[in-house]
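A.B. asks: 3D, please:
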Amino acid sequence: MADIAEDGRTWLLSGPTSSYALHLTDADDLLHLHWGPRITLADAEALAADPLPGYWPFESPLDGREEYPVEGGPRFVRPALSVRTGERRGTEWRFVSHETEDEELRLRFDDDGLAIILHYRMRGDVVERRVTVRNGGHARVELLRADAATWTLPDREGWRLSQLHGRWAAESRLTTAPLGPGEKVIGSRRGHTGHQHLPWVALDTDATEERGEVYGCALGWSGSWRIAVAHLPDARVQITGGAGHDDSGLLLLEPGESYITPLFAGLWSDTGFGGASRAWHAYQRAYVVPDAGRDRPVLFNSWEATGFDISEEQQLALARRAAGIGVELFVVDDGWFGARTGDRAGLGDWTPSPGRFPHGLKPLADQVHGLGMQFGIWVEPEMVNPDSDLYRAHPDWVQYQPGRRRTELRNQLVLNLAREDVQEYVWEQLHALLAGAPVDYVKWDFNRCFTDAGWPGEPYPQRLWVDHVRALYALLDRLRAAHPGVAFESCSGGGGRIDLGVMARTDQVWTSDNTDPLDRLSIQHGFSQIHPARVMAAWVTDSPNTQLNGRVSSLRFRFVSAMAGVLGVGGDLTEWTGEELAEARRWVELYKEIRPVVQRGELYRLRPPTGGLSAVQYVLGDEAVVLACLQAQRYGEPVPALRLRGLDPSAAYACRETGQVHRGAVLLHHGLRTGLTGDLDAAVVRLRRI
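C.D. replies: Next up is the predicted model:
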């Protein structure tokens, strides 16, 4: 709940360790006052009393100080809001009122019938922001740009920008660099979140893993997006972000229509990057991820074992092997539906292949349940193959530009989910599928980007970029309501759709198509900067890794690498030896023991995966788990000791692997040195308070 000054023009939101304050001047300029350590309302009022800087040639005193800069007036920074009506372009708002409801602060403004509402909510130390724009008095309003928030950082020298970048099979890699003058813009113009950047940035000046101030911002939007980090001429920094990659237009608002931006969340921490990560993780487990208190099961996925060449008998053979090693969820991947024998046909026809599953999916699902496992399937509902019954019946249902070739990537086209008839078709297909067989889990994929994003006959075709995502969210919400026992995974050729928006509607995400355990260490290190282990799917697949790089690795190394998140298995179990299956069962049993600590515990990154030894630690209550991976042993050097974190320094902890007893501020070395003996080796160490 916000604290409000007596004059009703200064507002303060506070969490356990931080505060956020803003102030409205007599001229109705909304100014940012403070974001950082906790302050009092009196402190905020004192900040509000400071005058704005005086005139300086070619500069505006508002720039870098406004809470939500709009287009128009004496402003030269990037506007968060840009609108066009029949009469004019730009905004000149006046304050109307403020209100608090459901722990949310709302500031209402008006510009000649255009209503603008700024929303604020404090969740722990995370500030949630979004904006509502409503056409209350114009024949039409064109939203050229409507960002969710602008974040203003305090005056500092030497800002550094951290971000997560990559590509397919190399997602979520962390990079940090000095922030120079000008703007740094990241985003996606691909129609989905994208493999190239996760919608998160963090800024610091001298923070380490466990010390120093870190400011972070994360956008919750699963379509095209943009975050701009501006280092202004007076050395101030502002971060602006929202849906859409450019300013060519989001939506047309008819009279009475509204647009609500995505969520843009911000976090301040004075406990370094590790503390910021733990705060982000706690926030998502508490307020974003559905059923986050329920641990995710160990799954088996058939894709890397079988590809498209599947049958009921073959899947059942894999299911028996999977049950034998302790798997809890068996997932049939691509190839179970329509005429799907490769990637050229079948997408859009979501009924079981009569040749492969002559009696539908129910017999296989029943047998999987009989083996003590849940049953899951793969779908890609937003796509269609030209060689499909759906496309032959409705070629106009795809995105395309009239008079242009319909670009096929992976031999498929994108359905125009912004159309209501397409939405209803997808709903009917998936609802019937989930109602007709005992399905417990759906892996929802999205394997190509928008290219020919046209909508012939639609007066404002560019709205499909926003409305596609809104329709996706509505479908997921509707399916979850109708089938509350079904869990969903977000996938987009790996990590191409990972953000707070899709995470609010799914139970876990597919982190990357790259299942190589060594590559995964860096991918998972970056992912953990913002998202918790509870949603991070990770598989153990075959060695050599024929899907990507041919690297040979031990089963031990593959399992320990994948146990850092939601454990899955994707190898061809029918080809594993009896010794491998027995070892796999032991690893699965161990994971089930440590799973509550990994999926719900606090994460400490003890050593990054930059070569040599890397390690992560999880702490939950009186228990701690360390997963250590030795990438390479150099010059005969011994394995370095690890100083554990997050433990009570006055308490004693027993190590399960060695029997040794350690104090809370422990240097862990003996268990590692006896467990790590060569290149690409790994160890699990468990401790319990005694």
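A.B. asks: got the contact list for the closest residue to residue 599 other than its chain neighbours?
C.D. replies: Of all residues beyond its chain neighbours, the one nearest residue 599 is residue 534 (4.4 Å), with distances taken as C-beta to C-beta, 6 or more residues apart in numbering. Every residue, glycine included, has its C-beta placed from N, CA and C. By C-beta atoms under 8 Å, 6 or more residues apart in numbering, the contact set of residue 534 is 281, 284-285, 289, 292, 295-296, 508, 566, 599-600.
A.B. asks: which of the residues you listed has the most neighbours?
C.D. replies: residue 566 (28 neighbours; other C-beta atoms under 10 Å).
A.B. asks: Could you pull up the residues touching the nearest residue to that one once chain neighbours are set aside?
C.D. replies: Excluding its sequence neighbours, the residue lying closest to residue 566 (C-beta to C-beta, 6+ apart) is residue 296, at 4.4 Å. Contact partners of residue 296, counting by C-beta under 8 Å, 6+ apart, are 487, 507-508, 534, 566, 599.
A.B. asks: Among the contacts of residue 534, which are located in helices?
C.D. replies: Using DSSP state H, the members of the contacts of residue 534 that fall within helices are 281, 284-285, 599-600.
A.B. asks: And the next helix or strand past the lowest-mean-pLDDT helix or strand in the chain?
C.D. replies: Averaged element by element with mean pLDDT, DSSP states H and E, the chain has its least confident helix or strand at helix 670-675 (a mean of 60). Per DSSP states H and E, the first helix or strand lying C-terminal to helix 670-675 is strand 681-689.
A.B. asks: What helices and strands are in contact with that next one?
C.D. replies: Packing partners of strand 681-689 (3 or more C-beta pairs under 8 Å, 6 or more residues apart in numbering; DSSP states H and E): helix 555-562, helix 578-600, strand 623-630, strand 652-655, helix 670-675.
A.B. asks: What residues does the nearest residue in space to residue 504 that is not next to it in sequence make contact with?
C.D. replies: Excluding its sequence neighbours, the residue lying closest to residue 504 (C-beta to C-beta, 6+ apart) is residue 288, at 5.2 Å. Going by C-beta under 8 Å, 6+ apart, residue 288 touches 500, 503-504.
A.B. asks: what do you get for residue 345?
C.D. replies: 338-339, 385, 387-388.
A.B. asks: For these, pick the one with the most neighbours.
C.D. replies: Most neighbours among the contacts of residue 345, by other C-beta under 10 Å: residue 385, with 25 neighbours.
A.B. asks: list the contacts for the nearest residue to that one once chain neighbours are set aside?
C.D. replies: Take residue 385 and drop its neighbours on the chain: the residue closest to it by C-beta to C-beta, 6+ apart is residue 347, 4.3 Å away. Counting by C-beta under 8 Å, 6+ apart, residue 347 makes contact with 338, 340, 380, 383-385, 388, 412.
A.B. asks: Quick check: residue 554 vs residue 513, distance?
C.D. replies: 22 Å (C-beta to C-beta, to the nearest Å).
A.B. asks: and these two? which has more neighbours close in?
C.D. replies: Regarding residue 554 and residue 513, a neighbour count based on other C-beta under 10 Å identifies residue 513 as having more, with 22 against 16.
A.B. asks: What does the pLDDT read for the more buried one?
C.D. replies: Model confidence at residue 513, given as pLDDT, is 97.
A.B. asks: In terms of helix, strand or coil, where does it fall?
C.D. replies: Under DSSP: H, G, I helix; E, B strand; the rest coil, the three-state class of residue 513 is coil.
A.B. asks: Could you name the helices and strands sitting against the helix or strand harbouring residue 619?
C.D. replies: Using DSSP H and E, residue 619 sits within strand 613-620. Where contact means 3+ C-beta pairs under 8 Å, 6+ apart, strand 613-620 is packed against helix 578-600, strand 602-607, strand 623-630, strand 642-643.
A.B. asks: one step back: looks to me like the residue nearest to residue 385 is in a strand.
C.D. replies: No - assigned with three-state DSSP, residue 347 falls outside any strand and is coil.
A.B. asks: Tell me how far it lies from residue 389.
C.D. replies: 11 Å.
A.B. asks: Then residue 207?
C.D. replies: In terms of C-beta to C-beta, residue 207 sits 56 Å off from residue 389.
A.B. asks: Which residue of those two possesses the greater neighbour count?
C.D. replies: residue 207 (24 against 16).
A.B. asks: Could you check the pLDDT of the closest residue to residue 117 other than its chain neighbours?
C.D. replies: Residue nearest to residue 117 in three dimensions, not counting chain neighbours: residue 132, with 4.2 Å by C-beta to C-beta, 6+ apart. pLDDT recorded at residue 132 is 98.
A.B. asks: residue contacts, residue 132?
C.D. replies: Residue 132 sits in contact with 115-117, 119, 258-261, where contact means C-beta under 8 Å, 6+ apart.
A.B. asks: what about 10 Å?
C.D. replies: Going by C-beta atoms under 10 Å, 6 or more residues apart in numbering, residue 132 touches 106, 108, 115-119, 146, 258-261.
A.B. asks: Also residue 197?
C.D. replies: 163-166, 171-172, 185-188, 225-227.
A.B. asks: which of those residues has the most neighbours?
C.D. replies: In terms of neighbours by other C-beta under 10 Å, these top out with residue 225 at 30 neighbours.
A.B. asks: pretty sure that residue contacts residue 243?
C.D. replies: Yes - assessed by C-beta atoms under 10 Å, residue 225 is found in contact with residue 243 at 5.8 Å.
A.B. asks: what sits in contact with each of those two?
C.D. replies: Residues touching both residue 225 and residue 243 (C-beta under 10 Å, 6+ apart) are 147-148, 187, 219, 262, 264, 469, 501.
A.B. asks: between the residues you listed, which is closest to residue 375?
C.D. replies: residue 501 (27.6 Å; C-beta to C-beta).
A.B. asks: how close does that closest one sit to residue 450?
C.D. replies: 17 Å.
A.B. asks: So for these two, which residue has more residues nearby?
C.D. replies: Taking other C-beta under 10 Å, residue 501 and residue 450 do not tie; residue 501 has more neighbours (25 against 20).
A.B. asks: Wait, that one touches residue 262, no?
C.D. replies: Yes - under the criterion of C-beta under 10 Å, residue 501 makes contact with residue 262 at 5.8 Å.
A.B. asks: Common neighbours of the two, please.
C.D. replies: 199, 219-223, 225, 243, 469, 473.
A.B. asks: Determine which two of those residues are furthest apart.
C.D. replies: Farthest pair in the shared contacts of residue 501 and residue 262, by C-beta to C-beta: 199 and 473, 15.5 Å.
A.B. asks: Please work out how many residues are found near residue 371.
C.D. replies: Neighbours of residue 371 using other C-beta under 10 Å come to 15.
A.B. asks: Kindly report the same for residue 535.
C.D. replies: Residue 535 has 26 nearby residues by other C-beta under 10 Å.
A.B. asks: now swap in residue 623 and tell me
C.D. replies: 18.
A.B. asks: And for residue 650?
C.D. replies: Neighbour count for residue 650, taken as other C-beta under 10 Å: 8.
A.B. asks: same deal with the one 5 residues further on?
C.D. replies: A count of neighbours around residue 655, defined by other C-beta under 10 Å, yields 19.
A.B. asks: got it, and the one 5 residues further on?
C.D. replies: When counting by other C-beta under 10 Å, one arrives at 14 neighbours for residue 660.
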